[in-house]
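Q: Just the structure for this:
(chains A and B)
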Amino acid sequence: MIAYLQRTLASRLKHGRSLTLLAVLGVALGVASVFSIQLLNRNSLAAFSGSVQSLSGDADLSVTGRTPTLPETFYPKVLATAGVSEAWPIYRIDVAVEGHPGLFLEVAGLDLFAAGRLPLVSGDGAGDGNAHGTDALAAFLYRPGWVAVSPALAEEMGWSVGDTVTVSSGSRLADLHIGALVDFRRHTPLAPRKLAVMDIAQAQSLLGRRGELHQVDLKIDKGRDLEEMRRLLTAALGPAVQVLTPEQREQNAAGLLSAFRLNLTALSLISLFVGVFLVYGSVRATLVRRRAEFGLIRSLGGTRSQVLALILGEAGALGLLGAIIGVPLGWLAARLNMGLVSGTLTNIYLLEEIERLRVPADLVVLALLIGVGGALAGALQPSLDMARKDTRTLLSAFTLHQRADRLAPRMAFTALAVGVAALAFYGFYGRTVRWGGFSLGLMILVAFPLLTPLIIRLVCRPIRVRRLGLAYSARNLLLRLGTSSVAVAALGIAVCMLVGVTLLIGSFRATLETWIAGYVRADIYVSTKSWTRAGREAFLTPGLVEELTTLPGVRSSALLRRFPVMSGERKIMLSGISFDLENSDYILPLKSGDSREALRRVRDEDATIITEPLALKTGLGPGDTLTITGPDGEVHFTIAGVSRDYSTESGMAYFSMQTVDRFFGPGQVNSVGLYLKKGLAPDEAADGLRARYEQLPLEVRSSRDIRDGVLQLFDQTFAVTRLLQVMALLTAACGIALSLLVQARERISELALYRCLGAGRGQIFRLFLGEGLAAGLLGTLLGAAGGVLLALILIYVINPAYFGWTIQPHWPWPALLRQAAGIMAAALAASVYPALRGSRTPARELSREDL
Amino acid sequence: MRRRYTSVLIILLLLSASSNAGDWAPVTPAGRQWSFPADHRSHPEYKTEWWYLTGQLEAADDPGRRFGYQFTFFRVGLLPERPNLDSLWAAGGLIMGHASITDAANGKHWFSEVLWRDSPLFGGFGGASGAEIATCMGPAGTSAWWSLDAEGDGFRIRMEDRRQEMALELLVTAEKPMVFQGPGGVSRKGENPGAASYYYSFTRMATRGAISSGGASLEVNGASWMDREFFSSELTGSQTGWDWFSIQLEDGRELMLYQLRNSDGTPAFGRGTMIPAQGDPVYLEMSKDWELKATGNWESPETGISYPSGWELIMDDQGGPGTLRLTIAPIIPNQENVSRRSGLAYWEGAVTVHPAGADPGSPPVGRGYAELTGYGENNRPPV
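A: Modelled structure (predicted):
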């Protein structure tokens, strides 16, 4: 039997080329989608853990502040705790490299006397321990700006030991002297290449602030219980810090990214689903053609299970082939989209960027399994069907299509049942189970294909055919319901996803635009390069703030100080704002209530305004109390309002600057908003400011620049979904081609008859084209309807559960119409080859009987 | 996988190489204007400085139970000036503490060390007045700080290492006047007159207090020896280390000897001081006045370094009849201090002194401490 399988497989590849090719391609595209997304997901986490491992790989525990920094006096406190065997302080700061826009160094300030673990290498690339390498190290203490960078970055930038690099931290500039190379990849293959190391004294003094640390890593005595030490340290150090294992820190990052990853995964699975459909269609079509072959096998003594195994074996082989093509394809897709995902990670989640795409072996295995499994799933129903038939039926002619026609109402009824079940599930569990919303999405994906045969029947039955034209083509969909409904359904799902996601993104973007218009009220914003990157401690010096706010032409100003804090176990952003309520139109757009009254309470009563994602995630609202861990323990604030906000998914709380200074200690400003006197043009004034502060690493942006920047970031964030949409569409187009190819074969006698009756090749060509168009049109319409439903579910059910933003529905008509035209074009293009095949059918084929 | 540790020693060596010795105050052959008690405190203009206490103790309620101890603060100058940085981590030097206890009865040796930046965060060397001479945070896992304070006519030392359950709290009081180890307090370390240190000692100090080594605290009494040295360059090119001895003889005399060794192990330069029971010290020269011969070896199971163990000392019996022949023997062989933080290992241990040929079981005629540095590979002290 296996030898037979090998033979038939080979002959299928030879003779049924196009059919097989399309099925393989479908699987390949589906696998590629899933693989590329999983690859990006996995690498985005690996980037963070690479950074954790580089610096804290040896540590048993890490102490970090619940406020962004912790006083450095915590370091001796950690060391003095019984059971601690070693501890290392870390001061980290991201600095922008001047003259290289977009290049940031992640500087880790370490105690280079204690941190003997550094994998230092010399400037000329020789191994460490030699005089050249360590001689450079000896200077870390006394040579101002001594820094060690990674060999990878040095090579990329053309830097070598002895070079000087100017960097900016906030509005401060510093010259860093490359004193050595440090290759963390020697022990941490995923170490970020932009990680740089300097002595903590230099890092604090030149780039940051004295008296503060970001982290203390520690090792505990052998034989001590890790969890007990964690409790002991937490108790000893007080509520202002958290003590976590490196694994826990990685888990936290994974938690942060979970929504982002889940959504991409869901979208990629849709692509796979479309691919599985294709396999289903292809298997069915070939089985119909080969029924006589199976009849023969059965009459020669082959059992049902042997036939089943034969068919499934073939499908599995096709799936494997598809997966083998899909894996490199997915890698390519991931590689091309790495920059986009990386941008999202650094901009939105404040995590490390992906620098290298690594392919874990288990993911490849998973992709292969998905390919084979998907193909088997697609082949299961038709092959069971075939195996069940007795020998006589197999050897006599039958058509699949009559059966599909008969089944249509029953399938529609199943669709209805699925819909009711999903709604019931959501009704019962939607509030308690976070992923409840996905059941509704799944419902659409399952119900629509089931409805397709009935809908084709309803649409095509009334069509009256008078000549060999478009109506004939449409009517043909009905006659060939078995294959056409699969093609239409596959296209429908792809379109459904396309439309759903387009609607979601379009609505989101429109909402964002409205919000920016309300939120970005100042004419000019001044911040720093390192602030626009990560918002981690990038300060404007007090003198500069003073100078900016008193410039002639400035009517009033708003200051912003922002840093992450912990509210319970939740990390949120805290924004201190100083604003001139009387003389500016500063507002925070609120979900409900009066913004100015809420701002007055923020200013006068230490109240807070929290953002919508925070409100949704915590269930807090106006009048409730928000608890935040300050340097001296928990502090409670009354919530004066909930603002619309799209700037951070983790949630944010606004306070007056005075409140922040009082409860969290004084600090410096990150960003200044300037309101200009009447008659001054913001863009010109911004140019003027840029020229004036040319020597300083400032980011001067007019309100329009900000708007453009936010939208650009938005587009970048969602660009990855476009990849998936295209994948699904390509797969669906394959489906149309497949369906028509099947017809070109199955209808050889019929086509030959037409030719005998005088039909020209052009007519038959148009017949096929027409059928492709009709299928495309039906699929598009079906998909559009499903897509609208899907968009509503995404906007109103899944988004609040995972992100918590209000999104106003918006119809991006131009984009939708463009897409519709694209789909039709794809359907048409997919029909060309089958149409050519069909039109070439010679009249003599009429004599064939083996169909 | 064990990560490579860049030894602080290498850093120190290279720092000494890269920072110009001329930036530090030199030891001048003519000596200095001494001023006590102010000179007991730190001299930051010199590169290296130490306060070195060693002694032998017995349990207050069990005089047969004997211990040796060492307690040292080192000031390691890295830069003549503190770097001009706005950070408490900016330090011009390091503070290093070493402490050890040897329990003769059960043959055990404990060693503890600290190494911090000379920063208010971790400790430092007290100012011109006040009791504090040096203090710093204890080793990791220990909340108590280490300290050396002036107290009355003597000094109080405190150290604790909670992980090793090791602690010293001792009050040492001078029983004999302070002694300069060389004319004018200048102690030569080589033929080049620049290779020298300022060096003075309290050679006999009554000691009482408490020690813990791996268990409960024990009241102790005994005798200590305190060395004070500061200098900017000591070992010269070919020298790799030294053997140093401090001996308190039962007849009321004390003896200090050191010999610096060449890299081939031969003695390069040596000096000594004999302090009579009363009266002025007598300065001695190696070869001319005394000769020291190692009579045995001990190989450290931890570092694999082979140290001499047991000596025969032949010297002109200053003020006595004829020649003095003494046998010096460690009270236990393993008194090696392996300093993980500095990457250095040295042998610092309690010894007993017998007349040559006497029964080693007989009561000793003297007790003291020996220090052996620079043995093994890459183990040259950074001074």
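
Q: Which element, helix or strand, includes residue 313?
A: All of this is about chain A. A:Gly313 is part of helix A:304-348 when elements are defined by DSSP states H and E.

Q: Can you look at chain B instead?
A: Using DSSP H and E, B:Leu313 falls within strand B:311-316.

Q: And that strand, how far out from the chain middle?
A: On the basis of C-alpha atoms, centre = their mean, to the nearest Å, strand B:311-316 is displaced by 21 Å from the centre of the chain it belongs to.

Q: after the lowest-mean-pLDDT helix or strand in chain B comes which helix or strand?
A: Within chain B, judged by mean pLDDT, DSSP states H and E, the helix or strand with the poorest mean is helix B:8-18; its value is a mean of 52. Helices and strands here follow DSSP H and E; after helix B:8-18, the next one along the chain is strand B:48-59.

Q: what's the helix holding A:Gly313 packed up against?
A: Applying 3 or more C-beta pairs under 8 Å, 6 or more residues apart in numbering or on different chains; DSSP states H and E, we find helix A:304-348 packed against helix A:2-15, helix A:17-56, helix A:246-289, helix A:291-299, helix A:361-388, helix A:703-746. Every C-beta, even on glycine, is put in place using the N, C-alpha and C of the backbone.

Q: what do you get if the cut-off is 6 Å, keeping everything else the same?
A: helix A:2-15, helix A:17-56, helix A:361-388, helix A:703-746 (3 or more C-beta pairs under 6 Å, 6 or more residues apart in numbering or on different chains; DSSP states H and E).

Q: Name the residues of the stretch 151-300 of chain B found near chain A, please.
A: By C-beta under 6 Å from any C-beta of the partner chain, the residues of the stretch 151-300 of chain B that approach chain A are B:Arg162.

Q: let's see 7 Å
A: For the stretch 151-300 of chain B, the contact set with chain A under C-beta under 7 Å from any C-beta of the partner chain comprises B:162-163.

Q: Nearest to chain A: which residue in the stretch 151-300 of chain B?
A: Of all residues in the stretch 151-300 of chain B, the one sitting closest to chain A is B:Arg162 (5.7 Å; C-beta to the nearest C-beta).

Q: Just give the number of residues close to the closest residue to that residue other than its chain neighbours.
A: Nearest-residue entry for B:Arg162: B:Thr142, 4.3 Å, with adjacent residues in sequence omitted and distances by C-beta to C-beta, 6 or more residues apart in numbering or on different chains. In terms of burial, B:Thr142 registers 24 neighbours under the definition other C-beta atoms under 10 Å in any protein chain shown.

Q: B:Thr142 against B:Glu160, yeah?
A: Yes. Checked against C-beta atoms under 7 Å, the pair B:Thr142 and B:Glu160 is within contact range at 5.4 Å.

Q: Give me the distance between A:Gly621 and chain B.
A: A:Gly621 sits 44 Å away from chain B, going by C-beta to the nearest C-beta, to the nearest Å.

Q: Let me know the distance separating that residue from A:Ile572.
A: Computed as C-beta to C-beta, to the nearest Å, the A:Gly621 to A:Ile572 distance reads 16 Å.

Q: quick one: which of those two has more around it?
A: The neighbour comparison of A:Gly621 against A:Ile572 (other C-beta under 10 Å) goes to A:Ile572, with 23 against 14.

Q: now whatever helix or strand the more buried one lives in, how far from the centre of its chain.
A: Taking DSSP H and E as the criterion, A:Ile572 maps to strand A:570-578. Centroid separation for strand A:570-578 versus its chain: 25 Å, with C-alpha atoms, centre = their mean.

Q: Stretch B:374-383 now?
A: With C-alpha atoms, centre = their mean as the basis, stretch B:374-383 stands 15 Å off its chain's centre.

Q: So which bits of that stretch are buried?
A: Taking 16 or more other C-beta atoms under 10 Å in any protein chain shown as the basis for neighbour counts, the residues of stretch B:374-383 that come out buried are B:374-376, B:379-383.

Q: which stretch of helix or strand covers A:Ala422?
A: helix A:400-429.

Q: who does that helix touch, helix- and strand-wise?
A: helix A:436-460, helix A:481-519 (3 or more C-beta pairs under 7 Å, 6 or more residues apart in numbering or on different chains; DSSP states H and E).

Q: ok, residue 258 - how many residues close by?
A: The chain I'm using is chain A. Residue crowding around A:Ser258 was assessed by other C-beta under 10 Å; the count is 13.

Q: my bad, chain B
A: 21.

Q: so B:Ala90 touches B:Pro83, yeah?
A: Yes. Taking C-beta under 7 Å as the definition, B:Ala90 is a contact partner of B:Pro83 at 4.8 Å.
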